[in-house]
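S.K.: This is the structure alone, sequence omitted:
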């Protein structure tokens with residue numbers, strides 16, 4: 001071997017057992033990593049589904065899901081009333097008549113039959129889920145033997161219902177009724193209805209606020225540019241300055257976003273609060289609530305009365321109960337919305353507690369018969385019938401109502417007496 005010769009290096013030789021152990025360890029680590037990724041993925045999927053469910057039921061989370069195009073949004077938006085526009089929904093064939101009332105089969109021609117009563121409110125006033133014949137406005141018209149114009153619009157708050165009355169200058173019914181479904185108090189402090197329930201539509205609306213002297217000040221419906229529309233859900237606080245249910249604000253509502261598991265953890269206190277209170281709007285009836293929902297709702301109803309007086313009409317407030325409210329009547333528990341009824345009576349605003357009258361009319365029967373689960377627990381056909389009978393009985397006992405009935409009805413009654 002020549003001097004200075006360096007033998008070539010030889011590749012290390014692994015023992016077969018060592019190689020197998022390395023391969024096994026690597027596979028085990030990959031397997032653990034895959035299991036961890038799958039577990040996290042399933043947990044994230046579960047968190048996503050839970051977040052959707054909680055948001056759908058108004059339990060502390062807002063789930064952004066507006067997918068409506070900007071053009072479709074503009075076609076539906078009413079500049080004064082917001083969502084939903086009566087001009088847009090009136091295009092439903094055979095649903096609304098020439099004056100904007102839901103069709104009244106008992107007195108179908110609004111140009112021939114002047115109304116004795118007009119109704120304003122939301123879907124519970126409109127009679128959502130039942131036929132024209134079964135809607136309580138039409139049943140009431142049959143019982144009173146005069147036309148009852150039904151201007152209820154699904155989705156409205158008491159504020160939008162009042163604004164619709166304000167804009168409907170042609171309404172000359174002797175008696176006009178503003179129906180307040182108990183959940184409406186939340187809508188009265190809301191600018192984007194999506195915060196109260198998810199929807200693919202962008203459901204913007206106007207709202208009132210109280211000025212320092214306690215008078216109503218209208219905040220018009222936000223009419224966004226295309227850019228603002230695209231950014232609305234990402235940064236709602238930038239555009240909706242008077243939204244009580246703004247995520248991250250005093251209502252406790254929180255935004256759900258990816259990663260949803262982290263969103264749920266961050267929103268846990270708010271979710272627990274909403275889960276413990278199945279009707280989140282109940283606390284809004286407290287006089288000192290930060291939303292000022294109670295004094296605001298009272299001011300809206302007082303203004304409705306003053307507007308009616310100026311037109312020579314008599315205004316009545318109907319308080320319409322939910323299915324949960326009727327359970328309170330059944331158990332005898334205190335009813336949270338009595339604060340509003342008491343405030344209205346103190347201000348001499350005529351008000352009728354329909355929940356109390358429902359209880360009397362049922363006579364111990366299960367209140368569930370008043371509600372239809374297929375229409376998201378709106379009043380059933382039977383519930384509409386009972387409500388109409390309550391309203392007819394109440395109105396017929398009022399001394400002024402005799403002047404509302406058509407002359408032919410009063411003449412027929414006179415002949416019956418003779």
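M.R.: Happy to help now that I have it. What you see is a predicted model, and the numbers here were worked out from it, not measured in a lab.

S.K.: any idea of the mean pLDDT for stretch 306-319?
M.R.: Mean pLDDT, computed over stretch 306-319, is 98.

S.K.: ok, and what's touching it?
M.R.: Here stretch 306-319 makes contact (C-beta atoms under 8 Å, 6 or more residues apart in numbering) with 121, 162, 165-166, 171-180, 182, 301, 304-305, 337, 340-341, 344, 349-355, 391, 400. (Glycine included, C-beta is placed from N, CA and C.)

S.K.: Just those residues: which are in strands?
M.R.: Within those, residues falling in strands by DSSP state E are 175, 176, 177, 178, 179, 180, 351, 352, 353.

S.K.: Dump those to TSV, plus distance to residue 38 and pLDDT.
M.R.: Shown next, in TSV, are those (distance: C-beta to C-beta, whole Å; pLDDT from 0 to 100):
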residue	distance to residue 38	pLDDT
175	65	97
176	62	98
177	58	98
178	56	98
179	52	98
180	51	98
351	58	98
352	59	98
353	56	97
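
S.K.: can I get those in JSON lines with neighbour count and distance to residue 141?
M.R.: JSON lines is the format used below for the ones in strands among the contacts of stretch 306-319 (neighbours: other C-beta atoms under 10 Å; distance: C-beta to C-beta, whole Å):
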{"residue": "175", "neighbour count": "23", "distance to residue 141": "13"}
{"residue": "176", "neighbour count": "25", "distance to residue 141": "15"}
{"residue": "177", "neighbour count": "28", "distance to residue 141": "13"}
{"residue": "178", "neighbour count": "25", "distance to residue 141": "18"}
{"residue": "179", "neighbour count": "25", "distance to residue 141": "16"}
{"residue": "180", "neighbour count": "30", "distance to residue 141": "21"}
{"residue": "351", "neighbour count": "21", "distance to residue 141": "22"}
{"residue": "352", "neighbour count": "19", "distance to residue 141": "18"}
{"residue": "353", "neighbour count": "19", "distance to residue 141": "23"}
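
S.K.: low-scoring pLDDT stretches of this protein, where are they?
M.R.: Within the chain, the ranges that satisfy pLDDT under 70 run 1-16, 57-58, 90-91, 278, 399-418.

S.K.: Grab the most central residue of it for me.
M.R.: Among the residues of the chain, the one closest to the centroid is residue 155, at 5.4 Å (C-alpha atoms, centre = their mean).

S.K.: for that one, what are its contacts?
M.R.: By C-beta under 8 Å, 6+ apart, the contact set of residue 155 is 83, 84, 122, 123, 193, 203.

S.K.: So among those, which ones count as buried?
M.R.: In these, burial by neighbour count holds for 83, 84, 122, 123, 193, 203, counting by 16 or more other C-beta atoms under 10 Å.

S.K.: OK, contacts around the fifth one?
M.R.: By that I understand residue 193. Contact analysis of residue 193 by C-beta under 8 Å, 6+ apart lists 83, 155, 187, 199, 203, 204, 205.

S.K.: Now for the closest residue to residue 322 other than its chain neighbours, how many residues are close by?
M.R.: Spatial nearest neighbour of residue 322, excluding adjacent residues (C-beta to C-beta, 6 or more residues apart in numbering): residue 182 at 5.6 Å. By the criterion of other C-beta atoms under 10 Å, residue 182 has 23 neighbours.
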